[in-house]
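Asker: After the sequence you'll find the predicted model.
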Amino acid sequence: MLKLHGIFPPIATPFDHNGDLYKIKVQHNLEKWNRTGLAGYVVCGSTGESVYLTTEEKIRLWEWVAEYAAPEKLLLAGTGAEGVRETIELTNRAADIGYKAAMVRTPFYYKNLINRADAQMLYFRAVADAARIPLMIYNWPQATGVDIMTDAVAALSHHPNIIAIKESSGNLEKVMQMIREVKPGFQVLVGSAPTLALSLAIGAVGAVLAYANAAPYSTISIYEAHRTRESAAALDWQNRIARAAQLVTTKYGVPGLKYAMDLNGYYGGIPRLPLTPIGAEAKKEIEQAFDGIKG
């Protein structure tokens, strides 16, 4: 089975001053990340503003990242769409480009119909049956308004082509319950930087972290401290990044994260409309929080 251990940034999408994809900045960011201990990259996740990208843009980004990523980095594609057919098409296109797994978000548009275990399981099983690469379920209820139930994840963990979940709710109790109930070998990753050390301590194998776009070394330090059983060091790092991680995720989101990337020598740039750049006060807050945190 494909091992998804370690830290994966869901990479931010660089746009130029016209709002078009900015290839040279994709290369710039990848070349810096390649020199870190990141396990790989998630391309076209929520942090990549995937909901604002056309299908052609997603494919272009997958191709560019595949071109510039170091050979040892694992490539995962964000392919979730509302319908099963489009999700399968995107997933298999990513497979053609060389991606090793697909991160598939819960569908959410028809909430009253889809927010049930049977409907969620049908969606993921139908995609997994036809996908040529394994799936990672992506649960982020704060954004989608849909929270996949633990018993549904436990049942889906027995599908041979569903190998992991990215649980981004930040709910440690739910993470613990999932780890207890899923099939042995099924991998639970988290998406919350502020709870990374604790999540690893209770059995998560890795994380997909927006914050790691701007400050990969600190998240890798937490993961390595956990791996070498230095729990005090992991918690020390966790406390050091707590404020910065909260600002560029729950408080200011993608526009705040992109500013933090600019501060640390990456290219964040502008978000795509309707998202807008952050103001002067927010910039000052992020500058203070990231002071001393290496990019």
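Answerer: Here it is on my side, so go on. Source: prediction; values computed, not measured.
Asker: For the rest of this, base every contact and every neighbour count on C-alpha atoms.
Answerer: Noted.
Asker: How many residues are close by the residue nearest to residue 115 when sequence neighbours are not counted?
Answerer: The shortest distance from residue 115 to any non-neighbouring residue, by Cα to Cα, 6 or more residues apart in numbering, is to residue 146 (5.9 Å). Residue 146 has 22 neighbouring residues, counting by other Cα atoms under 10 Å.
Asker: Let's verify residue 146: helix, strand, or coil?
Answerer: Of the three states, residue 146 takes coil under DSSP: H, G, I helix; E, B strand; the rest coil.
Asker: One more: residue 75?
Answerer: Residue 75 falls in the strand class when you classify it by three-state DSSP.
Asker: Ok, the one 5 residues further on next?
Answerer: Of the three states, residue 80 takes coil according to three-state DSSP.
Asker: so who does residue 156 touch?
Answerer: Residue 156 sits next to 121, 124, 125, 162 when contact means Cα atoms under 8 Å, 6 or more residues apart in numbering.
Asker: out of these, who's nearest residue 10?
Answerer: residue 162 (19.3 Å; Cα to Cα).
Asker: Now do that closest one against residue 203, distance only.
Answerer: Distance of residue 162 to residue 203, given as Cα to Cα, to the nearest Å: 18 Å.
Asker: Just the pLDDT for residue 278.
Answerer: We have a pLDDT of 98 for residue 278.
Asker: let me fix that: residue 207
Answerer: pLDDT recorded at residue 207 is 98.
Asker: That one should be in a strand, yeah?
Answerer: Yes: assignment of residue 207 by three-state DSSP places it within a strand.
Asker: what is it paired to in the beta sheet?
Answerer: residue 7, residue 190 (DSSP bridges).
Asker: right, and it touches residue 194 too?
Answerer: No: if you go by Cα atoms under 8 Å, residue 207 and residue 194 don't touch, sitting 11.4 Å apart.
Asker: more crowded one of these two?
Answerer: residue 207 (30 against 20).
Asker: Pull the contacting residues for the more buried one.
Answerer: Taking Cα under 8 Å, 6+ apart, we find residue 207 in contact with 5, 6, 7, 8, 166, 189, 190, 191, 192, 196.
Asker: redo that, cut-off 6 Å
Answerer: Applying Cα atoms under 6 Å, 6 or more residues apart in numbering to residue 207 gives the contacts 7, 189, 190, 191.
Asker: what would these look like in TSV with neighbour count, pLDDT and distance to residue 270?
Answerer: Formatted as TSV, the contacts of residue 207 follow (neighbours: other Cα atoms under 10 Å; pLDDT from 0 to 100; distance: Cα to Cα, whole Å):
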residue	neighbour count	pLDDT	distance to residue 270
7	28	98	25
189	31	98	29
190	27	98	27
191	27	96	23
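Asker: Show me which of these is closest to residue 281.
Answerer: Distances from residue 281 to the contacts of residue 207, taken by Cα to Cα, are shortest for residue 191, at 26.6 Å.
Asker: Would you enumerate the residues in contact with the closest one?
Answerer: Residue 191 makes contact with 167, 168, 207, 208, 209 under the criterion Cα under 6 Å, 6+ apart.
Asker: Distance-wise, check it relative to residue 216.
Answerer: Taken as Cα to Cα, the span from residue 191 to residue 216 is 14 Å.
Asker: Which positions within the biggest helix by length in the chain qualify as buried?
Answerer: Ranked by number of residues, the top helix in the chain under DSSP state H is helix 231-246. Buried residues in helix 231-246, counting neighbours by 16 or more other Cα atoms under 10 Å, are found at 231, 233, 234, 235, 237, 238, 240, 241, 243, 244, 245, 246.
Asker: ok, back up a step: and the contacts of residue 156, which of them are in helices?
Answerer: Cross-referencing these against helices under DSSP H gives 121, 124, 125.
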